[in-house]
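Sequence and computational prediction follow.
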Amino acid sequence: MDEKVEPFFDEVIRRNPGEVEFHQAVREVLTSIGPVLAKHPEFAEHKIIERICEPERQVIFRVPWQDDAGEVQIDRGFRVEFNSALGPYKGGLRFHPSVNLGIVKFLGFEQIFKNALTGMPIGGAKGGSNFNPRGRSDDEIMRFCQSFMTELYRHLGEYTDVPAGDIGVGQREIGFLFGQYKRITNRYESGVLTGKGIQWGGALVRTEATGYGTAFFAQEMLKVRGDSLDGKTVVVSGSGNVAVYAIQKVHQLGGTVVACSDSDGVVHDPKGIDLELLREIKEVRRGRVRHYAEQRPDATYVAGGNPWDIPCDVALPCATQNELTGKDAATLVRNGCIAVAEGANMPTTPEGMRTFAEADVAFGPGKAANAGGVATSALEMQQNASRDAWSFGRTEQRLAEIMADIHELCFATAEEYGMPGNYVAGSNIAGFQRVAQAMVSLGLI
Ligand code: NDP
Ligand code: 2IT
């Protein structure tokens, strides 16, 4: 890290003790932006770094609800409205037992720069709860979502803050959340949430967008190297929303995904994942990847297994933060992996990123490679605002263009700053510049 930037980072640690994931996300961005400050002295003058690292607003609230047995449960809700220089706060909600303030802040911080890279008018935010949806009935999910929204609604609005899904929050949850928002406010304000069902204001392709976008980004990185996904062996981690549609797009582009996972284990299917079966298990039955292996004679399931031990040309981490370590990266490199695109947020540890850089693996960081989800959320907002509904083809075409533009922006920025091929630096610098310039223009707020 540039010595001029180091004191800012020390101050972030001092002000936010114990929030290790937030520190990690801030460190990565600050490590990239030394040269930007040298070029733009006005950013230091306007204290952009100090301001950008401090959320504009943080809300923490009690979420009481009753389970099916009649017992009262108390969870904690969060919304961190990080930065609104470019547009209303925008970013997902995560329901997972690991959620705490530091995790929501890391995600919200990343979201600022990711959203800036899309070129759409959206600020950065994230929220969620430590509520664990696993094993809960639809009724319990509904009661939780209603209680969560009963507090959160006062902070939202199509021009204020627009949540969407993330881990543990998909179309079912967005439905319950939207229903409660509508009931409390007496407004059919479609643009207040994205990831809605298509019958009630949702956009085609939003479900597929993050996974598709990640595959598109991998394809763009390979194109620069005179290569493509066609014929490649690919490993995807996770088996949720992002993973499933990354698998689908890789298959459409001629690659073969031979493995995916959940937090219990890994399934290896050398002939290629049968997506219809996987979707039936995950989306209809809400089952586990071990159920997939039970129905596919060629597939093997390893409880507690590590997806990165399976040889591949391309790796797409699509589960969660810090799921791909330095050791995993070394294994992937040894096995001949040439490209990694992050469908998840911050899935690769700093050691993992260093290993990939040293081995000249094409590495697409999450804030660029998974930006297709939030970009398509912005397209959903656009459709809601104009009371329009676009076709699948038109929307997917737009998504592909946006991903190509983000790739080009990160690539060109890395070159401009003398770090060719470094998408980490390119994405951090390009995203930071857009937000910083807007913040300077808007004055001291
Ligand atoms: P889902 O809840 O649909 O799926 C999450 C998947 O990751 C599941 O297979 C889950 O397994 C696995 N997983 C979650 N936590 C862990 C963990 N601690 N260890 C191992 N596996 C884990 O979420 P999404 O697919 O929506 O999100 C996946 C990632 O993509 C997240 O990092 C999210 O922030 C990121 N992302 C999502 C976007 C979206 O539009 N949904 C947009 C951009 C990024 P299990 O079922 O066992 O928990
Ligand atoms: O991490 C992310 O970009 C998301 N979970 C999607 C956010 C959104 O508002 O669509």
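Received the coordinates, thanks. Ligands and ions are numbered 1, 2, ... in the order given.

Find the closest residue to ligand 2 in this structure.
Residue of the chain nearest ligand 2, by C-beta to the nearest ligand atom: G92 (2.9 Å). The C-beta positions use only the backbone N, C-alpha and C, and glycine is treated the same way.

Count residues in the vicinity of Q397, would you?
Number of residues near Q397 (other C-beta atoms under 10 Å) recorded here: 13.

no wait, Q146
For Q146, the neighbour count with other C-beta under 10 Å is 18.

circling back: list the residues that contact the residue of the chain closest to ligand 2.
G92 is in contact with 107, 126-128, 163-166, 169, 374, counting by C-beta atoms under 8 Å, 6 or more residues apart in numbering.

Can you report phi and psi for whichever residue of the stretch 201-350 of the chain sits closest to ligand 1?
The minimum distance from the stretch 201-350 of the chain to ligand 1, using C-beta to the nearest ligand atom, falls at G240 (1.8 Å). Here is the backbone geometry of G240 (degrees, to the nearest 10): phi -100, psi -150.

Please apply the same query to the one 10 residues further on.
The phi and psi torsions at V250 (degrees, to the nearest 10) take the values phi -60, psi -40.

What residues does the stretch 101-250 of the chain have near ligand 1?
Contact residues, the stretch 101-250 of the chain versus ligand 1 (C-beta under 6 Å from any ligand atom): 165-168, 210, 238-243.

which residues touch G431?
G431 is in contact with 112-114, 116-117, 367, counting by C-beta under 8 Å, 6+ apart.

and it, helix, strand or coil?
Three-state call for G431 (DSSP: H, G, I helix; E, B strand; the rest coil): helix.

ranges for the strands of this structure?
Using DSSP state E, the strands of the chain run over residues 57-66, 72-83, 89-95, 124-129, 161-164, 233-237, 256-261, 265-268, 300-303, 314-317, 339-341, 362-364.

strands paired with the fourth one, and their directions?
For strand 124-129, the pairing partners within the sheet under DSSP bridges are strand 72-83 (antiparallel), strand 89-95 (parallel).

Present those strands as JSON lines; the columns should include distance to ligand 1 and mean pLDDT.
Compiled in JSON lines, the strands paired with strand 124-129 are given as follows (distance: least, C-beta to the nearest ligand atom, whole Å; pLDDT from 0 to 100):
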{"stretch": "strand 72-83", "distance to ligand 1": "14", "mean pLDDT": "98"}
{"stretch": "strand 89-95", "distance to ligand 1": "6", "mean pLDDT": "99"}
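
Can you tell me which of those is most buried?
Greatest average neighbour count among these goes to strand 89-95 (a mean of 28), per mean count of other C-beta atoms under 10 Å.

for H96, phi and psi?
With angles defined as degrees, to the nearest 10, H96 sits at phi -160, psi 140.

on that earlier part again, how much space separates the residue of the stretch 201-350 of the chain closest to ligand 1 from I167?
The gap separating G240 from I167 is 7 Å, by C-beta to C-beta, to the nearest Å.

Was I right to think the residue of the stretch 201-350 of the chain closest to ligand 1 contacts G343?
No: using C-beta atoms under 8 Å, G240 is not in contact with G343, being 9.7 Å away.

Comparing those two, which residue is more hemmed in?
G343 (31 against 23).

which residues touch the residue most central in space within the chain?
The centroid of the chain falls nearest to N345 when counting by C-alpha atoms, centre = their mean (4.6 Å). Applying C-beta under 8 Å, 6+ apart to N345 gives the contacts 106-107, 110, 321, 366-367, 370.

mind running it again at 7 Å?
By C-beta atoms under 7 Å, 6 or more residues apart in numbering, N345 lies in contact with 107, 110, 321, 366, 370.

ok, R334 - how many residues close by?
Neighbourhood size, R334 [other C-beta under 10 Å]: 10.

should've said G238
Residues within reach of G238, counting by other C-beta under 10 Å, total 27.

Return the distance of it relative to T256.
Distance, G238 to T256, by C-beta to C-beta: 18 Å.

what do you get for G119?
Separation of G119 from T256 (C-beta to C-beta) stands at 33 Å.

One more: I74?
Note on I74: its distance to T256, by C-beta to C-beta, is 46 Å.

got it, and M149?
As judged by C-beta to C-beta, M149 and T256 stand 42 Å apart.

neighbour-wise, which of these two wins?
Neighbours per residue (other C-beta under 10 Å) separate M149 from T256, with M149 holding more: 24 against 19.
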